[in-house]
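the following comprises the amino acid sequence and a computationally predicted model.
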Amino acid sequence: MIYSSVISAVVRALAAETINSAGGCDFEPKVQSGKVSGEISGKDAALLADSIVFKTLHAELSPRHWCALLAKYSTHKGRKVEAIGRLVAVVQSPAPQLFTRKAVTAWAIPQIKGAKPHLAKLKAPPRRPDEQKWGWRNDAAEQAVSRANENAARRAESRSSDMIVLADSNYDMALWDNQGLTERTYQRWNKSIKGSLEGLVNEALAQAQEALEAVGLLSCEAA
C-alpha cells in the first residue's frame, strides 16, 4: 500500500492503533495466515499497512516528535492525554507552567462547536391536586420522566465517548493564569506556544515522510 500523503499515513496509522487497542485487529495472526493461504487483501491489508506505519514511526521519531503527532492527530484518549503532558515539559514558552499546560491542551483538543449539543429534558405533567386519590399516579409520572431523562443523558454520553470534549472555560485564556495580566500578553504567550507546537509537528511530518519513503510506503512525490 502506498499512501497519498504523509498526513494521511499518520492519521490512518494512529486510528488503526486505536482500533487495535480496542480489540478490533490482530495483525500477527493475519501475517502468519497470509503466508499459508495467500496474500492478505482488502481491509486486512490496509490495517496491516497502517500498523506497520505506526511501528515504523514510533521507532524512527524522537520522543518529542512522536508526542507532537499523538497530541495533534491521535484519537486514542489515553495516548493523547499522555502526549499532551509530555509536550508541556518540552515546549518552549515564556509563560508560566499553568498557562503552558492549558495552551497545549487547547491546541491538541481544539474547541468544536456542536460537540456538546443541548439535551432537551422532558417535564413531568402538573401534579393533580387530590393527592389522596392521585398521589401515587403523580409520583409514578415524575419517576417515569426522570428515568427517561437519565436514559437520554446516558445515550448522549455514549455517542460522545469516542472523543475528548472540554468545557468551554478551558478555552478562556483569562483563566489560564492567576496574575491578571493583559489579554495582549496572553495572546503573545499563546501564539508562541502554538508556534512551537506546530514547528514540532512539521519537523515530525518531515521525518515521518523520510522514514516512510525509505520503506516504500510513501511516494517520493507525496507531500
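Sure, I can see it.

need the helix or strand of the protein with the lowest average pLDDT.
helix 27-37 (a mean of 47; mean pLDDT, DSSP states H and E).

immediately after it, which helix or strand?
Sequence order places helix 42-60 as the next helix or strand after helix 27-37, per DSSP states H and E.

need the nearest residue in space to the residue nearest the centre of the chain, chain neighbours excluded.
In the chain, the C-alpha nearest the mean C-alpha coordinate belongs to residue 75, at 3.8 Å (CA atoms, centre = their mean). Once flanking residues are discounted, residue 75 sits nearest to residue 18: 5.0 Å by CB to CB, 6 or more residues apart in numbering. Quick note: C-beta positions are derived from backbone N, CA and C, even for glycine.

what residues are up against that neighbour?
Contacts for residue 18 (CB atoms under 8 Å, 6 or more residues apart in numbering) come out as 74-76.

could you measure from it over to residue 52?
16 Å (CB to CB, to the nearest Å).

need the helices for the chain, in chain order.
6-21, 27-37, 42-60, 63-73, 77-90, 97-108, 131-159, 183-214 (DSSP state H).

can you redo those as a markdown table with distance to residue 165?
Below are those laid out as a markdown table (distance: least, CB to CB, whole Å):
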| stretch | distance to residue 165 |
| --- | --- |
| helix 6-21 | 17 |
| helix 27-37 | 31 |
| helix 42-60 | 25 |
| helix 63-73 | 16 |
| helix 77-90 | 11 |
| helix 97-108 | 12 |
| helix 131-159 | 10 |
| helix 183-214 | 20 |
